[in-house]
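>>> my questions concern the predicted model and sequence given below.
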Amino acid sequence: MNISTLLNTRKTILAFTGIMLASSMNSFAQGPEVTSWLQNTTQNGTYYVAGNSTAMDNGILYNCQEVSYSANYSYIKTRGIPAYPTGPFLDMNPFVATDQNAIFQIPRFPVPAVNNQTTTGGRIGVFVNGVSVFDFRDGVAWDPGSNAPCGGPANPPCPGGPQATMDWNRDAIPAEMGGFDCSKGHPANGNYHHHQNPSAFDLDINVISTICNLYDADGLYAINGSAHSPLLGFAYDGYPIYGAYGFVNNDGTGGVTRMISGYELGSTSDRSTYPDGSASELGPAFNATYPRGTYREDYIFVASASEDHLDEHNGRTCITPEYPSGTYAYFCTVNANWNSAYPYTVGPTFYGTYANRLVNSITEAVTVYEPSNSLSEAQFNNLDINVFPNPATDLIAIQVGGLVSQEMEVTLVDIVGKVISTSKIHEGQTITYFDVSTVYSGTYFVKIS
């Protein structure tokens, strides 16, 4: 069977229905640090097992379960599970994503640090779906004493323990590439997280992983190069984390462009010094096993006067859609092919005042935030919606660029308006599918509401 014509959904949305709910009166004004979180209290996440391309229910609620706030903090209760499927992890990682039952305390009014702290291993922030943000490292370093790797599950401990300062620290993105799922995430002892831009591998311009071929998934958002990227989360210092694109100029003018990392690979002949010429303990030689870029210290920061080049923390002070008066913001950096670019999210140091934001309980009076359950028509019309392939024979996909903050119902209808099939794109997903292998040839439309 063949669907001969399936028009772009920009032209075939038959109806838009939605009611904007008035905000309730609250003790304190609500900002993006309160209103941006994706909430869900009824539906479970899914996961893949190696060899089975059907996603299975994991029995754990996805996204965030409650958001509350006081004068100074937002509190996010989350299980740490995304709406998009997780897994499988094909590098012998024995874990699946597990229930984190976490509470994060995010400062509502962050301040710049007097002394910028280095990012830590493990959680350094939280995405708006409650999934953890990790920095560049994977816990493996180079031990000059034994002239071999240390740390991580397959190596002896590093001298001084896991928190010891080592001169050469391995970059998780190239090192763990074979273990990331289609959404570019994986678990550490069950804690599912992203070190990098959380958009699926198969949405990159240059696809560098084949994991999406069998275990299809999507991601927290889809990169849209013609619009400012959505607010994706908050770092532990309280400053927002955006996707890959921002306004050209810090004042919000000039259109949008890809935000460019200020870090470049160094050009030293060996790892006896850092790329800036300062002294270091001897690291491994550059070779096929340890190519340039294996370690964070292979990079050097190069300042630029161009406003689309980020600073040494991977951010800049600028105007964003959520902060029309300006804020400091981090960006999930990618290269021209949309492949992840160091330092990926935040780091290697925080811009703002850092603290561990994982807390055991809420110990002050708070107001529970009740989110709106609809989009404005302007927000809806600004969505980047694509239907492919067109024409189709067996399967069509409906992909939404940017971040889906409200659940969307997607309906396939024939030319006389008869409903053929209905599906949903949940908050924090980007894609849904219709099986059209048994549908008669003809013209069909997609209705999204």
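Nice, I can see it. Please read all numbers here as calculations on a predicted model, not as lab measurements.

>>> contacts only, for residue 112.
Residue 112 makes contact with 328, 351-353 under the criterion CB atoms under 8 Å, 6 or more residues apart in numbering. C-beta: built from backbone N, CA, C; applies to glycine.

>>> residue 206 too?
Residues 337-339 are the ones in contact with residue 206 under the rule CB under 8 Å, 6+ apart.

>>> residue 74 too?
By CB under 8 Å, 6+ apart, the residues touching residue 74 are 33-34, 37, 67-68, 105-106, 108.

>>> residue 129 too?
Taking CB under 8 Å, 6+ apart as the test, what residue 129 contacts is 38, 62-64, 78, 82-83, 220, 427-428.

>>> I'd like those residues laid out as CSV, including neighbour count, distance to residue 175 and pLDDT.
Compiled in CSV, these are given as follows (neighbours: other CB atoms under 10 Å; distance: CB to CB, whole Å; pLDDT from 0 to 100):
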residue, neighbour count, distance to residue 175, pLDDT
38, 26, 30, 97
62, 28, 28, 98
63, 26, 29, 98
64, 27, 30, 98
78, 28, 27, 98
82, 29, 23, 98
83, 26, 28, 97
220, 30, 22, 97
427, 22, 32, 92
428, 29, 27, 91
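
>>> can you tell me which of these are in strands?
Within those, residues falling in strands by DSSP state E are 64, 78.

>>> got a pLDDT number for the closest residue to residue 271 other than its chain neighbours?
Nearest non-adjacent residue to residue 271, counting by CB to CB, 6 or more residues apart in numbering: residue 283, 3.2 Å away. Among the per-residue scores, residue 283 holds a pLDDT of 97.

>>> doesn't residue 202 belong to a helix?
Yes: going by DSSP: H, G, I helix; E, B strand; the rest coil, the assignment for residue 202 places it inside a helix.

>>> how about it: what's its closest non-neighbour residue?
Nearest non-adjacent residue to residue 202, counting by CB to CB, 6+ apart: residue 212, 3.8 Å away.

>>> on that earlier part again, neighbour-wise, which of the contacts of residue 206 leads?
Within the contacts of residue 206, most neighbours by other CB atoms under 10 Å means residue 338, with 20 neighbours.

>>> now do the contacts for that residue.
Counting by CB under 8 Å, 6+ apart, residue 338 makes contact with 197, 199, 203-206, 223, 244.

>>> mind checking which of the residues you listed are buried?
Neighbour counting with 16 or more other CB atoms under 10 Å marks 197, 199, 203-204, 223, 244 as buried within those.

>>> wait, which of the residues you listed is closest to residue 140?
Taking CB to CB as the measure, residue 140 lies nearest residue 197 of the buried ones among the contacts of residue 338, at 21.8 Å.

>>> now do that closest one, the pLDDT please.
The predicted local confidence for residue 197 comes out at a pLDDT of 97.

>>> check residue 408 too.
Reading off the model, residue 408 has pLDDT 88.

>>> was I right about it contacting residue 428?
No: with the criterion set as CB atoms under 8 Å, residue 408 and residue 428 do not qualify as a contacting pair; they are 11.7 Å apart.

>>> re the thing from before, most neighbours among the contacts of residue 112, please name it.
With neighbours defined as other CB under 10 Å, the most crowded of the contacts of residue 112 is residue 351; it has 27 neighbours.

>>> how about that one, phi and psi?
When quoted as degrees, to the nearest 10, the phi and psi of residue 351 stand at phi -80, psi -40.

>>> thought it was touching residue 113?
Yes: checked against CB under 8 Å, the pair residue 351 and residue 113 is within contact range at 6.8 Å.

>>> what sits in contact with each of those two?
Listed contacts common to residue 351 and residue 113 are residue 237; contacts here mean CB under 8 Å, 6+ apart.

>>> by mean pLDDT, point me to the weakest helix or strand of this protein.
The least trusted helix or strand in the chain, going by mean pLDDT, DSSP states H and E, turns out to be helix 9-12, with a mean of 33.

>>> just the helices in the stretch 51-200 of the chain please.
Secondary structure of the stretch 51-200 of the chain by DSSP state H, counting those that start in this stretch: the helices cover 172-175.

>>> for stretch 199-214, measure first residue to last.
End-to-end distance of stretch 199-214 (CA to CA, to the nearest Å): 17 Å.

>>> that one: how far from the chain's middle?
15 Å (CA atoms, centre = their mean, to the nearest Å).

>>> now this protein, which segments are flagged as low pLDDT?
In the predicted model of the chain, residues 1-28, 373-379, 381-382 satisfy pLDDT under 70.

>>> picking that back up, what's the helix or strand for the residue nearest to residue 271?
Assessed by DSSP states H and E, residue 283 sits outside every helix and strand.

>>> coming back round to it: out of the contacts of residue 129, which is nearest to residue 188?
For those, the residue nearest residue 188 by CB to CB is residue 82; the value is 15.2 Å.

>>> that closest one and residue 330, how far apart?
To residue 330, residue 82 is 20 Å away according to CB to CB, to the nearest Å.
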